[in-house]
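Undergrad: Sharing a model prediction with you, sequence too.
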Amino acid sequence: QVQLVESGGGLVQPGGSLGLSCAASGNIISILSMGWYRQAPGNERELVATADSGGHVTYGDSVKGRFTISRDNAKNTVYLQMNSLKPADTAVYYCKADRLVSVTPSGSHGAMDYWGQGTQVIVSS
C-alpha cells in the first residue's frame, strides 16, 4: 500500500523559513515526478514546485527565488525549503507523486498518481 507522509508544517513569522518533507512508502519501483502544491481557503490548488527523476525542477511564479525543492530518489522523498515567507504563503501544502509505479497485491505493476494528506503552513506575526 503506497502512502505519502508529509511533515514540517507549522506557524512561522513573515520573513522566516520553514522546511517540508514528504516520504513515499510502499512497494515502489519508480516515481516520475514528486512535488508540492498548496491550497488556501477559497482558492484553487496551485503548483508550488515539482522535481522529476532526472533532476528537472519547476516552480510556481509566486515562489520562484524563495523556495527550493530537492529530491532524494533513493529514499523516495521530496523536500521543500521555504525562505522569505509571506502571509500569502499561508495554505495547506500537499505532496504529490506523479506516475508512481508500484507492485500491486497481485504482483503486477501499477502506475498511479498519489497525494499526501496535507500539512498546514501559517505565516503570521
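TA: Nice, thanks for sending it over. Numbering: from 1, shown residues only.
Undergrad: Give me the helices and strands touching the helix or strand of the chain with the lowest mean pLDDT, please.
TA: None of the helices or strands of the chain scores lower by mean pLDDT, DSSP states H and E than strand 109-115, at a mean of 92. Judged by 3 or more Cβ pairs under 8 Å, 6 or more residues apart in numbering; DSSP states H and E, the packing partners of strand 109-115 are strand 3-7, strand 91-103. (Glycine included, C-beta is placed from N, CA and C.)
Undergrad: Work out the sheet partners of it and label each with its direction, please.
TA: strand 91-103 (antiparallel) (DSSP bridges).
Undergrad: sorry, back to before: quick one: buried residues of the least confident helix or strand of the chain?
TA: Buried residues in strand 109-115, defined by neighbour count with 16 or more other Cβ atoms under 10 Å: Y114.
Undergrad: I'd like the next helix or strand past that strand.
TA: Counting by DSSP states H and E, the element after strand 109-115 in chain order, helix or strand, is strand 119-123.
Undergrad: quick one, that next one and strand 3-7 angle?
TA: Here the directions of strand 119-123 and strand 3-7 differ by 20 degrees (axes from the mean of the first three to the mean of the last three Cα atoms, to 10 degrees).
Undergrad: helix, strand or coil for N43?
TA: Using DSSP: H, G, I helix; E, B strand; the rest coil, the three-state assignment for N43 comes out as coil.
Undergrad: what's the spacing between it and Y37?
TA: In this view, N43 and Y37 are 11 Å apart by Cβ to Cβ, to the nearest Å.
Undergrad: Which one's more surrounded, those two?
TA: Legend: neighbour count by other Cβ atoms under 10 Å for N43 and Y37, higher for Y37 (21 against 9).
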